[in-house]
Structures are given as C-alpha cells and as structure tokens.
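**Student:** Would you be able to build a 3D model of this:
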Amino acid sequence: MATQCHSRFAFGFQRKLAINFAGGEITSDPGLVVLREFDERLGLSARLGKLWVDPRDGRYTKHSGLELLRQRIYQIAAGYEDANDATFLRHDATMQLVVGKRAEPLASQPTLSRLEHDTPWESIRLLEHEGTEWFCRHAAPGGKRDEIILDIDSTADPTHGQQPLTFYNGHYDTYMYHPLLIFEGTTGVLVASCLRPGDVGGIRQLLPLLRPVVRRLRTRFPQRPIALRADGDFAKPPLLDYAEYHQLLYAIGMPRNSILEARAAGVRQRAKQRWEASGQPVRLYTSFFYKAGSWGQARRIAVKVEHTALGSNVRFVVTNRRGAAEAVFDWYEQRGQAENFIKELKRDIAADRLSCSAYRANAFRLQLHALTYNLLVLFRRHVLAGTQLATATIDTVRLRLFKVGARVHRTARRVWFHFATGWPGQPLFRDVLDRLAPIRGPS
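**Tutor:** Numbering: from 1, shown residues only. This is a model prediction of the structure:
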C-alpha cells in the first residue's frame, strides 16, 4: 500500500489543507494532440524527414531525424522555445505522443543542441522554402485567377555576447541579426525566410530567396497573377527589373529625394490651401513617371499627400500597377498586416530567440520557428475558422486550447488524458475534434 506523503508545513490560513504528491502523472499541454492530428492528416511534418540530411552515424542514433524535428517544433508550439526545456519535457506524455512515442524518453537538451549545430546548409536551404510548398498544397485562397501577394520585409533580431556575424545596425541601434521574411499577404503563411548578418540590409540575399518562390507559384498556379509589396528599403533596381521581367505586379515604397519632392510640390501646396480653408484633414493623390539615375527606364510613381494640423506628410510608391494612385496606395498600405504576422512570429513563436553560438545553428533555428508558425497558421485557417478563436493570436490559441492540465492514465492498449469535468473549454475542444474529422490532405 502506497504511503501517503502529506505536507509537513502547517498552513495557518487553512488548517484542513493537505498536500501530497500522489496525484499520478500529469501533463500540461494535452491540447497539442489536436494540432498533431491536423498535422498528420495533411502530412505536413512528415515531409521534413526527407528534407533534413542526417549527418549522424546511424549505428549510434536513438532518435530519428523526424522525431527530433517534431520534438523541437511541438515544444516551440507549446511555448518552450529553448532547447533547454527538453530536459524536463522528455518524459512528458503529451510530448512523447506528438513526437510518435508512447513511453520512451525523448531526446535530451544536448541531443537537440547537436541537431541545431550539425544540420548542414543543404537542409537549411530546403527548409527555407518549405512554407511555399505548404502554401501551394493547403493554403492558397480564392479562385484560379485571384492575386497571390508576396509581402517582403525584414526584422531586427537583437543578439547578445560574441555571436558570429552579429553586427551593430545604426537604424535599429543594436547589435543584431537581420532576418529576411516573405509572407503571403492574404493567408499570413511565411512562404520563405532566411537569416542574414546584422550589417546586411536592402535586397541582399532577397533574389535567391524569392526566385524559387515565384517559380513554384507559377508552376502550381499558372493563371494567377503574383504581386509584390515592400517598403522603401527594397526599392532597388535589381528587384524592380526582376519583377518586370517576370511580369510581377508591384508597389514598393520609394525613398524621398529632392526631385520627387519638387514634382509633388504642387499637390502639397493644394493640400495645404484646402486645409487652411476648411480646417479639416486633407488627403490628395497623384502620379507621374520618373527615372532615377540607376534605372534603365522611367517608372510610375504614385504620390499620397496628407495635410493636418501637424503639417504635411508626403509618401511615394514606385509601381507598375494600373489604376488611380489612390487605389495603388489602398492596396499598398494593406502590407501593414505583415507587421502583425511578424509580431506573431517573434512574440508568440519566439523566432528571435536565436541564441546559439554558431551562425549556421541560428539559421536552422529560424527555420524551426518558421515551420512552427506555419503549422499554427494553417491550423487556425483550416480548423478554427468559424470558431471563437478564428481571429485569435497564436498565443491565445495556445492558452485556450493547448495549455490544459490533464491526468495521464496509461494502459497496455491506450494512453488516456483525463481532463477536468468542469473545464470551460470543453465545448470548443469538442468542436475542434468535429472539425478535424473531415480534413484530408491532397491525394
């Protein structure tokens, strides 16, 4: 008969309170099983084992490459972004099940660290574009001729200590890496990403990242137009030339210069006069053709002029899109949604936790976080649409659906998760299970 282990501490506020450690096996993330079932039905992570080149000697390996990748991805999905967390999670029932094991211990922190440090560049390059494949198979919205939008952006990833290829960036006023990100603007899928040193900006490394994306999209969706949006840091001749040669529509922020300011002076003056006459905010648009010294041809510049009590604000966009300048700006300014995608990637998925001591390991770690982000974005899109979590952030989905305490009961045939009888999230969880049932991957 098991000995009862009561607390020896006397609680003055409640003398009838007793504590013991005989509650059985408990798991704190059992909701992950619905994410894993979604993954299984679409065959998402199953592809990763073929993309990861295993550098290990098979005679001395206990965990397959796919198991290691899944362990890292699902731990990140649950909010354990650091490999150090693997030490106490390797015996967790939920983690064992989603990785594909019933009772065997998962990989330890040193094993996962070796995974990050030993992964070859060949595998990293393949993983950089896996988001494009997931988008083509499972996320592309709309009809056969609807536009596919590629939002190009970069973000600061502050670094600490003597990490390789970390440099001071004056624009962000910090030592950092400078990851490059390409989102699909309608769905939020991160179709491609790569790590860059902190002193690399603009379009450097962009075209090698962008070309395979466009090529795959054109193959999969030959009738659908592809469009690019980006801020002024990307308004460089190689990208403009590439977009026009491959018949991509684009609207890219244009840095100011004296010539552009002079060309917009008339509209700026009219906006000021209207504001002085009415006292109400004024917004005017115009466009003209302009040829920079490094351009081989003149290109259309759309102009937006705003005048308020704070003064004038003039913005320029270089574009090959047709239509009024106002329509161009309306479309271009929707790229602000990409900032929300980046916030989720960094805040909820901790993609800026690139703290490895090797640059290649950090490049691989970025891809682990990108895969996790895309898995959750697709889950939200396919399973949670129409539920109370349809527009919830990833962190909210995690707290409402995955982070649920449960008692574990293992038998010879099954592993049972016993949720609390009064758990308020029970109706949502049942709804998610019903929504998973009809989901099938492409044949």
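**Student:** C-alpha only now, for contacts and for neighbours.
**Tutor:** OK.
**Student:** Which of the helices or strands spans residue 182?
**Tutor:** Here residue 182 sits within strand 180-184, counting by DSSP states H and E.
**Student:** was I right about residue 294 contacting residue 237?
**Tutor:** Yes. Assessed by Cα atoms under 8 Å, residue 294 is found in contact with residue 237 at 7.0 Å.
**Student:** Common neighbours of the two, please.
**Tutor:** Any residue near both residue 294 and residue 237 by Cα atoms under 8 Å, 6 or more residues apart in numbering counts here, and not one turns up.
**Student:** Counting neighbours, go ahead and name the busier of these two.
**Tutor:** Regarding residue 294 and residue 237, a neighbour count based on other Cα atoms under 10 Å identifies residue 237 as having more, with 14 against 8.
**Student:** Distance of the more buried one relative to residue 158?
**Tutor:** Here the criterion is Cα to Cα, to the nearest Å. By it, residue 237 lies 29 Å from residue 158.
**Student:** Please apply the same query to residue 253.
**Tutor:** With distances defined as Cα to Cα, the gap from residue 253 to residue 158 amounts to 25 Å.
**Student:** just residue 264 next, same as before
**Tutor:** When distances are taken as Cα to Cα, residue 264 and residue 158 turn out to be 38 Å apart.
**Student:** Please, where are all the strands along the stretch 51-200 of the chain?
**Tutor:** Listed from the start of the chain, the stretch 51-200 of the chain has strands (DSSP state E, counting those that start in this stretch) covering 148-154, 157-158, 167-169, 174-177, 180-184, 190-194.
**Student:** go on, the stretch 201-350 of the chain?
**Tutor:** Assigned by DSSP E, counting those that start in this stretch, the stretch 201-350 of the chain shows strands spanning 226-230, 249-253, 282-290, 299-308, 311-319.
**Student:** Rebuild these as JSON lines, extending it with distance to residue 162.
**Tutor:** Supplementary listing: those in JSON lines, determined by distance: least, Cα to Cα, whole Å:
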{"stretch": "strand 226-230", "distance to residue 162": "32"}
{"stretch": "strand 249-253", "distance to residue 162": "35"}
{"stretch": "strand 282-290", "distance to residue 162": "45"}
{"stretch": "strand 299-308", "distance to residue 162": "43"}
{"stretch": "strand 311-319", "distance to residue 162": "39"}
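**Student:** so which of the ones you listed gets nearest residue 191?
**Tutor:** Using Cα to Cα as the measure, strand 226-230 is the one of the strands of the stretch 201-350 of the chain that comes nearest residue 191, at 13.0 Å.
**Student:** Put the alpha carbons of the closest one into PDB.
**Tutor:** Output in PDB follows, covering the C-alpha atoms of strand 226-230 (Å, rounded to 0.1, in the frame of the first residue of the first chain):
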ATOM      1  CA  ILE A 226       1.700  37.400 -58.500                       C
ATOM      2  CA  ALA A 227       2.300  40.700 -56.800                       C
ATOM      3  CA  LEU A 228       5.000  42.100 -54.600                       C
ATOM      4  CA  ARG A 229       4.800  44.700 -51.700                       C
ATOM      5  CA  ALA A 230       7.700  46.000 -49.800                       C
END
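**Student:** what distance separates it from the centre of its chain?
**Tutor:** In terms of Cα atoms, centre = their mean, to the nearest Å, the centre of strand 226-230 is set 18 Å apart from its chain centre.
**Student:** tell me the angle it makes with strand 311-319.
**Tutor:** An angle of 150 degrees separates the directions of strand 226-230 and strand 311-319 when computed by axes from the mean of the first three to the mean of the last three Cα atoms, to 10 degrees.
**Student:** If you count contacts, what does strand 226-230 end up packed against?
**Tutor:** Judged by 3 or more Cα pairs under 8 Å, 6 or more residues apart in numbering; DSSP states H and E, strand 226-230 is in contact with strand 148-154, strand 249-253.
**Student:** So for stretch 418-427, first residue to last residue, what's the gap.
**Tutor:** Looking at stretch 418-427, the gap from its leading to its trailing residue is 15 Å under the measure Cα to Cα.
**Student:** Please work out which residues outside it touch it.
**Tutor:** Counting contacts by Cα under 8 Å, 6+ apart, the residues touching stretch 418-427 from outside are 400-401, 404-409.
**Student:** ok so, going back, how about the strand holding residue 182 as CSV, C-alpha atoms only?
**Tutor:** Backbone C-alpha positions of strand 180-184 (Å, rounded to 0.1, in the frame of the first residue of the first chain) are rendered in CSV as follows:
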residue,chain,number,x,y,z
LEU,A,180,14.6,38.3,-44.3
LEU,A,181,10.9,37.3,-44.5
ILE,A,182,8.4,36.7,-47.3
PHE,A,183,4.8,36.3,-46.3
GLU,A,184,1.8,35.6,-48.4
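**Student:** packing partners for that strand?
**Tutor:** Contact analysis of strand 180-184 by 3+ Cα pairs under 8 Å, 6+ apart lists strand 148-154, strand 190-194 as its packing neighbours.
**Student:** mean confidence score for the longest helix along the chain?
**Tutor:** If you go by DSSP state H, the chain has its longest helix at helix 359-382. On average, the pLDDT along helix 359-382 is 97.
**Student:** angle of that helix against strand 180-184?
**Tutor:** Using the same axes, to 10 degrees, the direction of helix 359-382 lies 10 degrees away from that of strand 180-184.
**Student:** next structured bit after helix 359-382?
**Tutor:** Next along the chain after helix 359-382, with elements defined by DSSP H and E, is helix 394-397.
**Student:** Whichever helix or strand comes after that following helix - which strands sit beside it in the sheet, and in what orientation?
**Tutor:** On the C-terminal side of helix 394-397, the closest following helix or strand by DSSP H and E is strand 406-410. As defined by DSSP bridges, the strand partners of strand 406-410 come to strand 25-27 (antiparallel), strand 415-419 (antiparallel).
**Student:** Residues contacting the shortest one, please?
**Tutor:** Yep, that's strand 25-27 we're talking about. Residues contacting strand 25-27 (Cα under 8 Å, 6+ apart): 92-94, 405-409.
**Student:** List the buried residues for that strand?
**Tutor:** When burial is assessed from 16 or more other Cα atoms under 10 Å, strand 25-27 yields the following buried residues: 26-27.
**Student:** Counting by contacts, list what the longest helix of the chain packs against.
**Tutor:** For helix 359-382, the packing partners by 3+ Cα pairs under 8 Å, 6+ apart come out as helix 32-42, helix 65-77, helix 109-118, helix 121-128, helix 130-138, strand 190-194.
**Student:** can we see that at 7 Å?
**Tutor:** Contacts of helix 359-382 with other secondary structure elements, assessed using 3 or more Cα pairs under 7 Å, 6 or more residues apart in numbering; DSSP states H and E, are made with helix 65-77, helix 109-118, helix 121-128, strand 190-194.
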